[in-house]
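>>> Structure for this input, please:
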Amino acid sequence: MSQNPFKINGGAVAAVMGDNCIGMASDKRLGVQFQVITDNFHKVYRMQENILLGLSGLATDCQTLYKKLRYKLNMYRIREGRDMTANTFAHLVGTTLYSHRWGLRRYRAFQGAHFLFL
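Here you go, the predicted model:
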């Protein structure tokens, strides 16, 4: 049974943790119904040195949430004069999503870095 990538209408973001290392990956396909728009759409974002954000779903929602979180992260740096911790960033994501009445599906901390699956 072979699978045609043009008939798969989903997206995925996955993260793994090892000894003193982490990895995060996603597919890069962006499509509308049965049409592939691009095969180079980024779904994993490096927010800062110790924080990766993985977003999968409607492209405009992903980009809007990324830009909003990037803005809030930069404002934190300006006000506090330091980088945000991964735990604080996870709370920021949760409150941002809750403020729009979305739900944070799952979050788990991995040795100072957080992976957020939305």
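>>> all helices of this protein, in order?
Applying DSSP state H to the chain gives helices spanning 59-80, 86-99.
>>> Which strands and helices lie in contact with the longest one?
This points to helix 59-80. Under the contact definition 3 or more C-beta pairs under 8 Å, 6 or more residues apart in numbering; DSSP states H and E, helix 59-80 sits against strand 44-48, helix 86-99. Heads up, the C-betas are built off the backbone N, CA and C, glycines and all.
>>> where among the helices of the chain is the average confidence lowest?
When the helices of the chain are compared by mean pLDDT, helix 86-99 comes last with a mean of 87.
>>> closest one to residue 52 among the helices of the chain?
Closest approach to residue 52 among the helices of the chain (C-beta to C-beta): helix 86-99, 9.5 Å.
>>> picking that back up, turn the helices and strands packed on helix 59-80 into a markdown table, including distance to residue 28 and mean neighbour count.
Shown next, in a markdown table, are the helices and strands packed on helix 59-80 (distance: least, C-beta to C-beta, whole Å; neighbours: other C-beta atoms under 10 Å):
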| stretch | distance to residue 28 | mean neighbour count |
| --- | --- | --- |
| strand 44-48 | 9 | 16 |
| helix 86-99 | 22 | 16 |
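>>> rewinding a little: can you put the helices of the chain in TSV and add distance to residue 51?
What follows is the helices of the chain, written out as TSV (distance: least, C-beta to C-beta, whole Å):
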stretch	distance to residue 51
helix 59-80	8
helix 86-99	5
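>>> between these, which gets nearest to residue 45?
Here helix 59-80 is closest among those (C-beta to C-beta), at 5.5 Å.
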